[in-house]
Each structure stands twice: as C-alpha cells, then as structure tokens.
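Colleague: Kindly return the folded structure for what I paste below:
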Amino acid sequence: MNTQSIEPKKRIRYLELDFIKVLAIVMMILGHAVEELSSFDMDLVSPAGFLQNALEFSCEYLGAALFLFSMGFSIVFTRKTTPAEFLKRAWNLFILALLLNILRIVIPRLIFSAVSGEFSAGKLFYGLFCIDILSYAAVLYLFTALLIKLKVPFYAYLPIGILLRFISVPLAGIEVGNPVLRVLLGHLLPVGEITFFPFLNYYFYSAAGTLIGKIFADRQISSGTYKVIFWESTALLAGFFLSAKFNGFNLKDFYDLSSASMQSPLHPMMFKFIPAVLILLMTFSLFHRLLLSIDKDGPLCRFAKFCGVHLNTIYIVHWILVGYLALFMRIYEYELSFEMTLLVGLVITAVSLIITRLLPDVNLSQNLFLPGKKNPPDAHHQ
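Modeller: Numbers count the residues shown, from 1 in each chain. This next block holds a predicted model:
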C-alpha cells in the first residue's frame, strides 16, 4: 500500500464510532443548552456538585474532543480522497456555516433589535461569521486537501497537529483591528469576535483521529486486541491522573472552564489531549464489546447509524431550536436553573432527532463525519 495515501483498501463502517457520535450529540446539545439558556456561567463560575462537574467534564471537555476526533477518524473512510473532492466539501461547509449563522444568530439578533430598540452592526457582522464546528470542518478539509496534494505520509499528521498547536501559542495574543481580517484569521487563531474552534488550536485532535483511523483501516483489529486496548488505556489514564495529582495539579483544572490554568497556552495539550484520546479508546473498545452481544441490524444499531449519517442535520436543527429559545428568554429576561436546563436540553435532543427523522432524507453538504455523496450500504466492521 502506498504510505502517502490515507485511503484504505475498502470502506468499512465502524458502528462503534456511530455510538460515540450518539454520545457526542447528547453532550453537545446539553452543553449548548447550559451555555445559552442557563443562569450558570461556566466561563466565570467554577462547577459545584456532581451534576455541574459531570456536565463540564463530559459536555465541554470530552464532547468536543469526541467530535474533533471523529472528524479525523472518518476522513480515512471516505470513498474519494482527492484534493479536489475535499476542496468541494470545504466550500459546501463554509456556505452551510454561513446559512446556519444567519438562522441561529443574525435573524434572532435582528428580532431582538426590533423589540428592544438596541442595534449593533458589529454584532450582526461577527454573528454572521461565527466560527463554529462547521467552519472548523471546512478548514480541516482544506488542510487535508493540501496534505494529500503534497503526499504527506499519514503518520506525519499528528506531529504536524502538535507543531501547529505550539505555533499558535505566541500568535494567540495578536491584536487585529480590521474586522474582515479578524474573521479570516479567526478560522486559524482565537482572534475573532466569536471564535470557538480555531483550527491551529484544535487540529491535533482530528489528526489523532486520522492516525488511529488509518491504523484501524490497515489492520484487522481482533476482539482480543480491543480488550488489550481497553485495559492499557485504562491503566495509562489512571497513571496520567495519579501522576498529575502527585505533582500538585488539581484534577478539576482538567475541565473547569473558569480555572486560571485554562489560560495556560499548553493546557489543551497537556490537560486535554492525552486523557481525551485514552478515554475515547476505552469507549471505542467498550462499544465493540457491546456490539458483540447485540444484533447489528437491530433498532439500537439502526438508531446509532441514523445519528451518525444525519449528524449535520441534527446539529443544525438543535442550534435553531436553542437559538430561538434563547431569543425568547432574552426578550422576557428569563433564565433557567442549571437543573431545569438539563431537562430542557434532553427535550431539545429528542425534538431535534424527531425533526431530523421527519425531514427529507438529504445529505447536507456531505455529512460532517462521513463526507461524500450517498453511497451503497457499507460493510460493517466485525
């Protein structure tokens, strides 16, 4: 096999990854519900109690890592890995991101301006170009097209991702006055007005997914190997946390968004990347064990596959629901308690799934985690 290519011999669908996407969907929606609807400000207030700590750990830390990793993993299993194909997908995702920003940010802000009499052209502009996961995915595809064009070996992706993270450290504090330039650079660095996923800061997550996906594509991973992966990852994770604790690190700093340690430029590398990948490998192995005991054509697996295939639609629908619910609450100056927000988040999850199921079966700009046009049924990984 040509080591310069990331394309596997044949396409295999990993149902384990679909189950991981189901977890990511629930974590994502609950996290967004708390961010937009709750009186609990995670950026300013340290979590207290089991529920708040569990939410910040799973939704704000692990959920994002699962999304970014899944993107990189699934790139390996696309049918076409030509630079032109990735460029086309990137363009489509940029357009989709703009349309979503209009629906969930620009229109609600215009409605609020009409009701309140407050108007800010700057907020509308930066809302239109909010750099969220769709914009990140578009840049990811652009960069992947470049790597494939240059015939960069797959094993170099992760070192490149780590290098880009270190490069981003001294650049993060630059001042950019021009709004257009801020938007453009905001796709790469945290300099934009609304920049949640700057590419240089987070690419190493996706690069790790691509590397692991390539390993899985090239080798037949047996059930015994999955068991070894689970126990080795568990041991490494325990050792990592115990070592951090022994060296004086507060374990809460691994996920507490209000912690001063979050301002450390290497925090995402040391405190997030290593444990996130280990937890993901453990979860992947656990889902493999689950799949050994259930019908791969049964309702549970069909539901997981549905979520994996329609991730774009679910993402868009949930943001529209959250956006207009937040608008309604802002107009009436109302905020939910943290506990009530969790319940509302679960309702939004269910409604998003129902709406997605009722919508025409379209492939929005190729699925975020399984790019490509509609294809014949995939072979399931055994």
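Colleague: Surely residue 308 touches residue 14?
Modeller: No: taking contacts as C-beta atoms under 8 Å, residue 308 lies outside contact range of residue 14: 9.4 Å. In short, each C-beta sits where N, CA and C put it, glycine included.
Colleague: of the two, who's got more company?
Modeller: residue 308 (26 against 23; other C-beta atoms under 10 Å).
Colleague: nearest residue to that one other than its sequence neighbours?
Modeller: Nearest non-adjacent residue to residue 308, counting by C-beta to C-beta, 6 or more residues apart in numbering: residue 18, 3.8 Å away.
Colleague: Before we go further, that neighbour is sitting in a strand, right?
Modeller: No: applying DSSP: H, G, I helix; E, B strand; the rest coil, one finds residue 18 to be helix, outside a strand.
Colleague: That one: what's it in contact with?
Modeller: Residue 18 makes contact with 301, 304, 305, 307, 308, according to C-beta atoms under 8 Å, 6 or more residues apart in numbering.
Colleague: Can you give me the separation between the most centrally placed residue in the chain and residue 278?
Modeller: When C-alpha atoms, centre = their mean is applied to the chain, the residue found nearest the centroid is residue 67 (2.8 Å). Distance, residue 67 to residue 278, using C-beta to C-beta, to the nearest Å: 17 Å.
Colleague: Could you do residue 250 as well?
Modeller: On the measure of C-beta to C-beta, residue 250 and residue 278 end up 19 Å apart.
Colleague: more crowded one of the two?
Modeller: Per other C-beta under 10 Å, whichever of residue 250 and residue 278 has more neighbours is residue 278, with 21 against 11.
Colleague: wait, that one sits on residue 235?
Modeller: No: checked against C-beta under 8 Å, the pair residue 278 and residue 235 is beyond contact range at 9.4 Å.
Colleague: mind checking which helix or strand residue 44 is in?
Modeller: Per DSSP states H and E: residue 44 is located in neither a helix nor a strand.
Colleague: Also residue 301?
Modeller: Going by DSSP H and E, residue 301 is in helix 299-309.
Colleague: mind listing what's buried in that helix?
Modeller: Buried residues in helix 299-309, defined by neighbour count with 16 or more other C-beta atoms under 10 Å: 301, 304, 305, 306, 307, 308, 309.
Colleague: can you check stretch 67-84 too?
Modeller: Within stretch 67-84, the residues that qualify as buried are 67-78, 81, 83, counting by 16+ other C-beta under 10 Å.
Colleague: Please apply the same query to stretch 321-341.
Modeller: In stretch 321-341, counting by 16+ other C-beta under 10 Å, buried: 321, 322, 323, 325, 326, 327, 330, 336, 338, 341.
Colleague: Now do the phi/psi pair for residue 82.
Modeller: Phi and psi for residue 82, reported as degrees, to the nearest 10, are phi -80, psi 150.
Colleague: I'd say it and residue 148 touch.
Modeller: Yes: assessed by C-beta under 8 Å, residue 82 is found in contact with residue 148 at 7.2 Å.
Colleague: Residues in contact with both of these two, list them for me.
Modeller: Shared contacts of residue 82 and residue 148, defined by C-beta under 8 Å, 6+ apart, are absent.
Colleague: The spatially closest residue to the residue nearest to the centre of the chain that is not a sequence neighbour: neighbouring residues, count only.
Modeller: Nearest residue to residue 67, sequence neighbours excluded (C-beta to C-beta, 6+ apart): residue 24, at 5.2 Å. A count of nearby residues for residue 24, using other C-beta under 10 Å, gives 24.
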